[in-house]
Every structure is written in C-alpha cells, then in structure tokens.
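S.K.: This is a predicted model, with the sequence first.
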Amino acid sequence: MTEYIVAIDQGTTSTRAIVFDHSGSIVSVGQKEHEQIFPKAGWVEHDPAEIWANTREVIGQALSKADITRHDVKGVGITNQRETTVVWDKNTGEPVYNAIVWQDTRTQSIVDRFATDGGVERFKDTVGLPLSTYFAGTKIVWILENVDGAREKAEAGDLLFGTTDTWVLWNLTGGTDGGVHVTDVTNASRTLFMDLKTLQWDDSILEVFGVPKSMLPEIKSSSEVYGTVESSNLLREVPIAGILGDQQAATFGQAAFDPGEAKNTYGTGNFLIFNTGTEIVKSDNGLLTTLGYKLGDEEPHYALEGSIAVTGSLIQWLRDNLGIIKSAPEIEELAKTVENNGGAYFVPAFSGLFAPYWRSDARGALVGLTRYVNKGHIARAALEATAFQTKEVLDAVNADSGVPLEELKVDGGMIANDLLMQFQADILGVPVVRPEVAETTALGAAYAAGLAVGFWENLDDLRANWQENKRWTPSMDEAERERTYRLWKKAVTKTFDWVDEDVN
C-alpha cells in the first residue's frame, strides 16, 4: 500500500492541506482563504473559529483530490504563521478575542512600557529577540489588559494561549475533550518567553509581562508524536508528529540542515533564515536569534533570521487598495513595460521596519518621484523593494556570521516572478536558486512528521529529494549595483521618525 504524509499549512492569508508522497512530491492540495480583519490603522486580526473550520474543510479537499483515506496517511505535520496569537477558554473552546496577527502594531505602548527598564534589548540575551510588537508576548498582554474578564479567567487557569499551530493541534486532538496543548521549540522561540538555552519558559520574564504560566503550551521538539487526530475528523487516529513555524519549515523543506545553509521565503513578508548549527549566535546587526529545528531528543539547531514585514503584501496593496493591477501576477507584466524604476523607490514600511532596523516609528514612503514616473515604474519599484530589503538582511547575515553566502535558495509565491528573481541575483551579486518543489513550507512540516513516524529514515533521505528547478545569475555591473543600492538606503531614511504620539 502506498502511504502519504499530510501537511497542514496554516498561513497568514489561507489554510492549506497538502498530501506528499515519499519523493516529497505534491499529490494534492486543499486550500481556503480566510478574512483579513483591519479594525483600526495598524491592527490586523483573524477569526480563529474560521481558521479551524477551514482546516477541517481543506483536509477533506486534499484527501478527496488524492482519492485516499486516513488509512493511507502515515502522519500529519503542522506549519503555521508564527507570532499570531490566539487566547481561548479551555472549558468552552471559544476564543476570547480574534487572533492578533504578527503584522499587528497595536502593542507599541506595551513595548515602550517594558523597554523603559533596559531598552528594547532587555531580554535579548535570554530569548534572542528585541522587544517588538511583532512577537506574541506583547499580544497576550494586550488581550489580558483589554478584553473584559480575560485577566481574571487567566489567573483562574481557564485561558489557554497558542500560536496557530497550537490552536489547530488542540482542536485536531479533541479540543475541550482532551485536546493536546503543545507547541514546538521554533514557535515557542517567537513569544519573547522561551530561554534559548534551556528551551523552557522563563519564569522571570513571564512575571514582568504578567502572563500566567498556566496559559502557555508545553514546549516539545519539532519532530515527535504529540497526539492523534480525534474521532470526528477524516484523519481520525492518524498521529500528529511534526510542528515547525512557517519560516523554519521552509528552511527544513529546502534541506538546509547544516551550518552555513540558508533560504529566503518570499511571501506576505520575506524571511531569510541562516542555519548556525548547534551554536547560539547573537546578532550585532539587527537579526533575530531563533530556533531552526529540534528533532526528537537530538540537540537543537539554531538560526539567525532577518524578518521583513511587507513584500508580497505590497503587491496585494497595489491590487486591493490602489487598483493598479487586477491580480498579483500582473505586476510583472506592468513592471516590464519600463526598463528601470525611473528614479522611484518604494519603501513599504506599513508596519514599521523589521530587520535590520527595528523602527516601529517608520511608515511607508514612495520617493524620487518626477512627472516622468508612471505606474510601470511604481510596479517595478515595488518589486525591487523586496530585493533591496533582502540585500539589507543578507548583508547583516554576512556580517554576523563572517561567512559570505555563495548562493541563495528561495521559495514562496513571489519566486514565480522572473523579473524579481533576476533583479534579486543582480542586487545581491550571487546566484538565486529555486527548488523543484516550491511548496517548501508545507514540505518541511511533512518532513518533520515523516521522520518521527519512520516514513523517512534520516536527513540524507530528505537531501536526496531536493532538486534544482531554475537558477538566476547576476548580470548587473558593480557600479550600477552600488548606485541603486545607495539610493535605496537613502530612501529608507525618509521613512524614519514618522509616527508621533498623535499619529496612528
């Protein structure tokens, strides 16, 4: 009998279930988008109940399209939008508030409050992260302080917290009837609460934040059996055996298992992860120190990460807010109508700037405009913004690691854009390489689960699956690379110090 692994990819804009075979090839996909909720400027929310309902639906779609049943599935892996925060009542299973999404900036005042004693790097030696609205910890505090009755319920032990991996796992394993309350080390490392050395919640930090430890899930490895799917689900009795936050999952799916290997994911935002092996490397250049993966009882692998808030979502913004394009793929054709950016630079600091700046006071800017600039130039500037931001992060990685990256493995939706990928190679000055299976995030979760249940034997099995699909090599001369990058860096400075106390 042919067996398969199912990966559940709970992302920022949609939830997918993907069936993989032993070669790592996609057999079928079920996918459903969920609503993006914007109650106020800077606020981004999702409905956790909608996400759970969609999870059940896409599992059914994927199994049906593959013409298989639970008996053909050896294990389930979960990957998820990291930092997005769900708090729910463990007795009713009902969320006390919408999920607060990783892009949400409402918690800046909470960040400022905790930063008065020790600055934004107050806890960085322990958790590898600066204080920022990006991470889950401040989002939990906001819910406890702003949702009626939440603090009291939390203190009584009635509320649970989880990133969306934990929310999906808890519901898949029974919810109020025995649901497993667990997360993995990669997601735990994005809360501001996990000690990178011990891989446990830090009691002293929880005390500062005022978050009861009873809310938090148990921290497990990225590859082990956490529980089995509950009886009413189409995957009932199948073991759930892998969890990786989406960016770590993409790195794992790219078979970047060893120190010095890296990948860049082009999605809603961009996330470059550089594997530092079993060594915790602290960044002096605005990067995050995070967990890469941990397989069962083996030593954890760490990583440096450069997180960019807005890349693919800038193209969505041009489509949905300005109507410059009708569909995201049209951006490439529009950009091709001009030979260059016409002197225009677009810095999409819609949620402030993440790595390497960490400037929450920044806001988006389109600069260098003249009457010569048309919508083709703006489209090109939007695409180039993704590549420029990636170069800034890669420069930081090279400085921290001392090992210049020789090529960049890429994945995510935007890698279908040849114009962007060529410009990325040009501005970096190194080759950019796309894998045969572009769905590396889901593949990484499948790999983690498959290793735990014996579907794949070891990492060498997974390395053998990786195949190159396309390579872009640099063609821009050094003088032009330096000129356009210098202007980009100047454009970035124009976004600083925009937010005053009376500006949203």
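M.R.: Nice, thanks for sending it over.
S.K.: what about residue 32, helix or strand, and which?
M.R.: In the assignment (DSSP states H and E), residue 32 maps to strand 26-33.
S.K.: Quick check: mean pLDDT of that strand?
M.R.: Strand 26-33 carries an average pLDDT of 95.
S.K.: what ranges do the helices span in the stretch 351-500 of the chain?
M.R.: For the stretch 351-500 of the chain, applying DSSP state H, counting those that start in this stretch gives helices covering 375-401, 418-428, 440-452, 459-465, 478-493.
S.K.: so what secondary structure elements neighbour the longest one?
M.R.: Of the remaining helices and strands, those touching helix 375-401 by 3 or more CB pairs under 8 Å, 6 or more residues apart in numbering; DSSP states H and E are strand 262-266, strand 270-277, strand 301-308, helix 312-317, helix 330-335, strand 345-347, helix 418-428, helix 478-493. C-betas here are computed from N, CA, C, even on glycine.
S.K.: Identify each buried residue in that helix, please.
M.R.: Across helix 375-401, burial judged by 16 or more other CB atoms under 10 Å covers 376-397, 400-401.
S.K.: Leaving out chain neighbours, which residue sits closest to residue 325?
M.R.: Of all residues not flanking residue 325 in the chain, residue 319 sits nearest, at 5.0 Å (CB to CB, 6 or more residues apart in numbering).
S.K.: residues contacting that neighbour?
M.R.: Residues near residue 319 by CB atoms under 8 Å, 6 or more residues apart in numbering: 325-328.
S.K.: ok so, going back, would TSV of the helices of the stretch 351-500 of the chain with distance to residue 278 be doable?
M.R.: TSV is the format used below for these (distance: least, CB to CB, whole Å):
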stretch	distance to residue 278
helix 375-401	15
helix 418-428	28
helix 440-452	18
helix 459-465	14
helix 478-493	34
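S.K.: Out of these, which is closest to residue 112?
M.R.: In terms of CB to CB, the element of the helices of the stretch 351-500 of the chain nearest to residue 112 is helix 478-493, at 22.4 Å.
S.K.: for that closest one, packing partners?
M.R.: Applying 3+ CB pairs under 8 Å, 6+ apart, we find helix 478-493 packed against strand 345-347, helix 375-401, helix 418-428.
S.K.: rerun that using 10 Å as the cut-off
M.R.: strand 345-347, strand 365-367, helix 375-401, helix 418-428 (3 or more CB pairs under 10 Å, 6 or more residues apart in numbering; DSSP states H and E).
S.K.: buried set for the last one?
M.R.: Across helix 418-428, burial judged by 16+ other CB under 10 Å covers 419-428.
S.K.: Over to stretch 38-49?
M.R.: Of all the residues in stretch 38-49, those buried under the rule 16+ other CB under 10 Å are 42-46, 48-49.
S.K.: Next step: those restricted to helices.
M.R.: Using DSSP state H, the members of the buried residues of stretch 38-49 that fall in helices are 48-49.
S.K.: Make TSV from the buried residues of stretch 38-49 and add pLDDT and distance to residue 433 to it.
M.R.: Formatted as TSV, the buried residues of stretch 38-49 follow (pLDDT from 0 to 100; distance: CB to CB, whole Å):
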residue	pLDDT	distance to residue 433
42	85	36
43	93	38
44	93	32
45	96	36
46	97	33
48	98	37
49	97	40
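S.K.: CSV please, covering the buried residues of stretch 38-49 and showing distance to residue 16.
M.R.: Shown next, in CSV, are the buried residues of stretch 38-49 (distance: CB to CB, whole Å):
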residue, distance to residue 16
42, 28
43, 25
44, 20
45, 20
46, 15
48, 17
49, 18
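S.K.: show me the contacts for residue 464.
M.R.: Counting by CB atoms under 10 Å, 6 or more residues apart in numbering, residue 464 makes contact with 23-24, 255, 456.
S.K.: ok, back up a step: distance of the residue nearest to residue 325 relative to residue 297?
M.R.: The gap separating residue 319 from residue 297 is 47 Å, by CB to CB, to the nearest Å.
S.K.: circling back: can you list the contacts of residue 464 in TSV and add distance to residue 91?
M.R.: Shown next, in TSV, are these (distance: CB to CB, whole Å):
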residue	distance to residue 91
23	44
24	41
255	43
456	39
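S.K.: Name only those of those that count as buried.
M.R.: 24, 255, 456.
S.K.: Distance-wise, check the first one relative to residue 240.
M.R.: In this view, residue 24 and residue 240 are 19 Å apart by CB to CB.
S.K.: Ok, the second one next?
M.R.: Using CB to CB, one gets 23 Å for the distance from residue 255 to residue 240.
S.K.: ditto for residue 16
M.R.: Using CB to CB, residue 16 is found at 16 Å from residue 240.
S.K.: and residue 491, what is it in contact with?
M.R.: Here residue 491 is in contact with 344-347, 365-368, 381, 385, 388 (criterion: CB under 10 Å, 6+ apart).
S.K.: picking that back up, which of the helices of the stretch 351-500 of the chain sits closest to residue 77?
M.R.: Among the helices of the stretch 351-500 of the chain, the nearest to residue 77 by CB to CB is helix 440-452 (3.4 Å).
S.K.: ok so, going back, residue 16 and residue 240: which is more packed in?
M.R.: residue 240 (27 against 24; other CB atoms under 10 Å).
S.K.: from memory the more buried one sits against residue 8, does it?
M.R.: Yes. Using CB atoms under 10 Å, residue 240 is in contact with residue 8, at 8.8 Å.
S.K.: shared neighbours, these two?
M.R.: 76-78, 168-169, 172, 449.
S.K.: Among the residues you listed, which are located in strands?
M.R.: Per DSSP state E, strands hold the following members of those: 76-78.
S.K.: For the stretch 101-250 of the chain, which segments count as strands?
M.R.: 159-163, 182-184, 218-220, 223-228, 239-245 (DSSP state E, counting those that start in this stretch).
S.K.: The last one to strand 270-277, inter-axis angle?
M.R.: Angle, strand 239-245 to strand 270-277, by axes from the mean of the first three to the mean of the last three CA atoms, to 10 degrees: 110 degrees.
S.K.: again with the first one
M.R.: Following the same axes, to 10 degrees, one obtains 90 degrees for the angle between strand 159-163 and strand 270-277.
S.K.: For strand 159-163, which strands pair with it and how are they oriented?
M.R.: strand 85-89 (antiparallel) (DSSP bridges).
S.K.: so where's the stretch 51-200 of the chain shaky on pLDDT?
M.R.: Scanning the stretch 51-200 of the chain for pLDDT under 70 picks out nothing.
S.K.: same thing but at 90, please
M.R.: Applying pLDDT under 90 to the stretch 51-200 of the chain flags residues 103, 105, 117-121, 134.
S.K.: Show the backbone phi and psi for the spatially closest residue to residue 70 that is not a sequence neighbour.
M.R.: Sequence neighbours aside, residue 235 is the residue nearest to residue 70 in space, at 5.0 Å (criterion: CB to CB, 6+ apart). Note on residue 235: its backbone torsions stand at phi -100, psi 20 [degrees, to the nearest 10].
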